[in-house]
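Student: return atomic coordinates for the entry below.
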Amino acid sequence: MSLDWIYYAISWILLQWHALWDSIGVPVDRVLGTNWAWILAIVFLVVTLRVILFPVFVKQIKSQRAMQALQPKVKELQEKHKGDRETLQKEMMELYRTEKANPLMGCLPMFLQIPVFLGLFHVLRRLSPDNNLKTLYGWSAEQFDSATHASLFTAPIAGHFSSSAAELARLGTGSSTVTVKIIAGVLVLIMMATTYLTSRQMILKTGWAEDPQQKMIQRLMLYGIPASLLISGALFPIGVVIYWVTNNLFSLAQQQWVLRKFPPPPMANAKPGSSARPAGSSGKSGSNPVQPAPRGLFGRKQAQPEPQTPVVDTKALAPKPGAKPANPKKGSRPANKPKG
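Tutor: Numbering: from 1, shown residues only. Below you'll find the predicted structure:
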């Protein structure tokens, strides 16, 4: 299957943003060793794609909430079919089908961005003065030459951590291999850190899954992917690393906004047997015991607990010392009837 349509789409978005920044006066020539028009074009390529994928991202959050709501039933099935993995998987698939929950929806936004990443990787790897197909994928020869010599603090966006001195000389940015390794290395470390923080933010807000398969996916996203970037990141063009870092920063801000607008269900992260307090309670004696009604899935109000019967203070109702006891019988008869 040809991926040319992806290369054309990525190139078109990239070139449109570059033309926009060029038209409003963003310097095309290097300032501080940086071609800002091309750097901003990569940054706003991320913005464009994340706006397009925003509805999918909201569906991801809703799917994760639905999976959380099913966790008690999943736990019951695990206890019921302990030791029978095949039956357990069948029962869980039936549960997901009945409740219309998709456990793979949580990874859908990431899967949809893989073709974009591969497309940008391919487009930037083509940037070389020796390339005779400069006008491929809708580029003009002038645009191709400009992007070939684009740089970030003298490090070419088409270069990478492992670029040789001969490769850097052909790109013509005047950067040394040491400078490129420092800039690329710092960007790769930022890429790893932001990838980890993005996954950690989501897991802390939604909690660890009870399903072993889902939990394995969460661990892979939290630890496996950032660790793999330490090796693969050395082969990524600097422009691709800029894209990845920008995408992670956008994800952190977007997730924070969505998770505030659609908060997780109360007690979703509480461990069994723990006494988690509602948000806002201080836990001190003397604080106001009346709390606002907690909100459930997507802001719906949950039913408030029934008011408890007030405790009667028996000491306050007891007769005082020396007081004459009241006679419950013959209540209508006067206490001291005068004689004659």
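Student: can I assume Phe57 is in contact with Val258?
Tutor: Yes: with contact defined as Cβ atoms under 8 Å, Phe57 reaches Val258; the gap is 6.9 Å. Just so you know, the C-beta spots here come from the backbone N, C-alpha and C atoms, and that holds for glycine as well.
Student: what comes up buried for the longest helix along the chain?
Tutor: Taking DSSP state H as the criterion, the chain has its longest helix at helix 177-206. Within helix 177-206, the residues that qualify as buried are 177, 179-181, 183-184, 187-188, 190-192, 194-199, 202-203, 205-206, counting by 16 or more other Cβ atoms under 10 Å.
Student: before we move on, what about stretch 49-56?
Tutor: Under 16+ other Cβ under 10 Å, the buried positions of stretch 49-56 are 49-50, 53.
Student: the stretch 101-250 of the chain: helices as residue ranges?
Tutor: Remark: helices assigned in the stretch 101-250 of the chain by DSSP state H, counting those that start in this stretch are 108-125, 141-148, 165-171, 177-206, 212-219, 225-232, 238-261.
Student: report all helices and strands that the last one contacts.
Tutor: Right, helix 238-261. helix 36-52, helix 54-69, helix 108-125, helix 177-206 (3 or more Cβ pairs under 8 Å, 6 or more residues apart in numbering; DSSP states H and E).
Student: do you know which of those lies nearest Phe250?
Tutor: helix 36-52 (5.2 Å; Cβ to Cβ).
Student: so what's Val245 up against?
Tutor: The contact partners of Val245, by Cβ atoms under 8 Å, 6 or more residues apart in numbering, come to 187, 190-191, 194.
Student: any stretches of the stretch 101-250 of the chain with poor pLDDT?
Tutor: 104-107, 206, 209-211 (pLDDT under 70).
Student: make it 80
Tutor: Residues of the stretch 101-250 of the chain that meet the criterion pLDDT under 80 lie in 101-111, 173, 202, 204-214.
Student: Ser151 and Ile157 touch, don't they?
Tutor: Yes: here Ser151 reaches Ile157: they are 6.4 Å apart, a contact under Cβ under 8 Å.
Student: hey, what's in contact with both of these two?
Tutor: With Cβ under 8 Å, 6+ apart, Ser151 and Ile157 have common neighbours Asn35.
Student: residues contacting Pro156?
Tutor: Counting by Cβ under 8 Å, 6+ apart, the residues that Pro156 touches are 148-150, 163, 168, 171, 173, 175, 180, 238.
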